[in-house]
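J.: Whatever this is, show me its structure:
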Amino acid sequence: SRAGIGIAIVLVCTALTHQASLQITDRHSVGDAIQNLRAAHNIYIHNTFSHLGGDDPAPTNFREPLPPFVTGLYLKLASLGSAQWSFEQLRSSEKSRFVKLSNLSWVFLGLFATWLLAHRLIQSHLAAMVVTTFVFWFTFHTAPLVDTLYTELPAAVLLLWTSYALLVAIQNGSLLLFLLVGLLLGMLALTKAAFLYIGVVAIPLTGILLALSARANHRAMLRASLLPSVAMVVGLAAIVSPCIARNHLLLGETEISQRASVIYGRAVMNQMSMEEIKGVFYLYGPYLYQRAVAGTTLADRGDDFERGGRWQRLNRGTSSFALSDREAQYAGRPDKAVSFHRIIAAEGIAFRQQAEAFGDLDPSGATEDHFRDEGMRMILEQPGRHLLLSVPFFWKGFWSFP
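T.: Presented below is the predicted three-dimensional model:
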């Protein structure tokens, strides 16, 4: 029966989620995960979305709000009737594992969405179980995804649900389902701000697809595409608008998060040479690829990632110039930095220092505006090159986790 199959799916997803919990440790939060944990802790303690510390943190929008909000809500519910936990407890004690266990809700939802999507496409529960198990083993079972508070996990889960909802909406033609697609796109944008721009492109493309599939007169084609598109826009706006309104009222900004440096960094890296594109494929490629190209010009010759090497600008990790690169960044001297990563960060510090010197009341906001405007200008000046560089960046993203 359908009820029995549903129960079986839930049980399998629950068992796999339990297995995923074994990958979660009390390892300290590092990198961007610290900012997400700080924001979650501020929601938990102060009911304020902020990445700053202190007893009365000022509101900020430095990161996307949805994942920290979910983690903060989890902490609120888990601490009912008990003493509140400090940020340091959640970051670096046995509570570190406890707070990361909040990821299990995302894991379960991701596995369930995988099963539904696979079954919808293949029409076989057995095949859907095989696909779900495969995705679990190579994705939801990996420590780099579940043993951290980075936002890749919730983004992946929401993308699965958005894909499933869009598929069903197109097959059924239900306006409520298209509204749900818009709501999910909005949640994706509050998880990874870039999805706001993706949604702006995806919605009209979906409308065009629906119009072409109508195969009727112009009025019917317009009706088939317009109403679903409006429903998706309404759903997207309903989720994103309150966040943008909050940022406008409290911070004087009309964006989801202060992540314009990502756009600018992408624009700067569009200036890579063809030799450096080879380096991206090698540096971020899997071991099989690196072994396959060994001994060719596509492989590292031993000093390519060192100072003066053809791929030096790609190396943001261990190197003979790592220390001087970091010093150049903190000094705001992009001309003294070597790697793309440090050059971009140094430019941000330099612009912020300049804004402070001129008495700007919001140097961080001014830096964000500069990065956003300059980044978009550079991309629009060379759209063909931006498209070309999307190939190695897709490769980099595809192999980004071990």
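J.: Every contact and neighbour count from this point should use C-alpha atoms.
T.: Will do.
J.: So, low pLDDT: which residues of the chain?
T.: 216-218, 260, 401-402 (pLDDT under 70).
J.: okay, now residue 296: neighbour count?
T.: Residue 296 is flanked by 9 other residues according to other CA atoms under 10 Å.
J.: separation between it and residue 24?
T.: 40 Å (CA to CA, to the nearest Å).
J.: now do residue 285
T.: 26 Å.
J.: neighbour count winner among these two?
T.: residue 24 (24 against 18).
J.: For the more buried one, list the residues it contacts.
T.: 97, 100, 101, 143, 146, 147 (CA atoms under 8 Å, 6 or more residues apart in numbering).
J.: try it again with 10 Å
T.: 96-101, 103-104, 141-148 (CA atoms under 10 Å, 6 or more residues apart in numbering).
J.: same deal with residue 105?
T.: Applying CA under 10 Å, 6+ apart, the residues near residue 105 are 14, 17, 70, 154.
J.: any idea which element it lies in?
T.: Element membership for residue 105 (DSSP states H and E) is helix 103-122.
J.: Which residues belonging to that helix are considered buried?
T.: For helix 103-122, the neighbour count (16 or more other CA atoms under 10 Å) marks 103-104, 106-119 as buried.
J.: Likewise for stretch 184-199?
T.: Neighbour-count burial for stretch 184-199 [16+ other CA under 10 Å]: 184-196, 199.
J.: So what's the gap between it and the chain middle?
T.: For stretch 184-199, the separation from the chain centroid amounts to 9 Å (computed by CA atoms, centre = their mean, to the nearest Å).
J.: Is residue 316 in a helix, a strand, or coil?
T.: coil (DSSP: H, G, I helix; E, B strand; the rest coil).
J.: which ones are touching it?
T.: 305, 322, 325, 326, 338, 339, 340, 341, 342.
J.: Please apply the same query to residue 255.
T.: Applying CA under 10 Å, 6+ apart, the residues near residue 255 are 61, 193, 240, 241, 243, 244, 245, 246, 247, 248.
J.: swap the cut-off to 7 Å and go again
T.: residue 244 (CA atoms under 7 Å, 6 or more residues apart in numbering).
J.: Please apply the same query to residue 186.
T.: Applying CA under 7 Å, 6+ apart, the residues contacting residue 186 are 236, 239, 240.
J.: just the residues you listed now: which is nearest residue 264?
T.: Ranked by distance to residue 264 (CA to CA), the contacts of residue 186 are led by residue 240 at 22.7 Å.
J.: Next, the buried residues of the helix or strand containing the closest one.
T.: Following DSSP H and E, one finds residue 240 within helix 218-251. The neighbour-count check on helix 218-251 (16+ other CA under 10 Å) flags 221-222, 224-226, 228-237, 239-240, 243-247, 251 as buried.
J.: What of stretch 299-314?
T.: Neighbour count says stretch 299-314 has 299, 300, 304, 305, 306, 307, 310, 311, 312, 313, 314 buried, by 16+ other CA under 10 Å.
J.: Now for the residues you listed: which two are most distant?
T.: Between any two of those (CA to CA), the greatest distance is 16.9 Å, for 299 and 307.
J.: Break down the stretch 151-300 of the chain into its helices, ranges please.
T.: For the stretch 151-300 of the chain, the helices defined by DSSP state H, counting those that start in this stretch occupy 152-172, 175-189, 194-214, 218-251, 260-269, 274-284, 287-292.
J.: by contact count, what packs against the third one?
T.: Packing contacts for helix 194-214, counted by 3 or more CA pairs under 7 Å, 6 or more residues apart in numbering; DSSP states H and E, involve helix 175-189, helix 218-251.
J.: Just want the angle from the longest one to helix 152-172.
T.: Translated: helix 218-251. Per axes from the mean of the first three to the mean of the last three CA atoms, to 10 degrees, the angle that helix 218-251 makes with helix 152-172 is 160 degrees.
J.: now for helix 218-251, which elements pack on it?
T.: Using 3+ CA pairs under 7 Å, 6+ apart: helix 218-251 touches helix 175-189, helix 194-214.
J.: residues in contact with the longest one?
T.: Outside helix 194-214, the residues that touch it by CA under 7 Å, 6+ apart are 185, 188, 189, 221, 222, 224, 225, 226, 229, 232.
J.: what comes up buried for that helix?
T.: Quick answer for helix 194-214 (16+ other CA under 10 Å): 194-196, 199, 202-204, 206-208, 210-211, 214.
J.: Which of these sits closest to residue 333?
T.: The shortest gap between residue 333 and any of the buried residues of helix 194-214 belongs to residue 194, at 28.4 Å (CA to CA).
J.: Out of the helices and strands packed on helix 194-214, the one nearest residue 331 is which?
T.: helix 218-251 (27.4 Å).
J.: For that closest one, what is the distance to the chain centroid?
T.: Centroid separation for helix 218-251 versus its chain: 21 Å, with CA atoms, centre = their mean.
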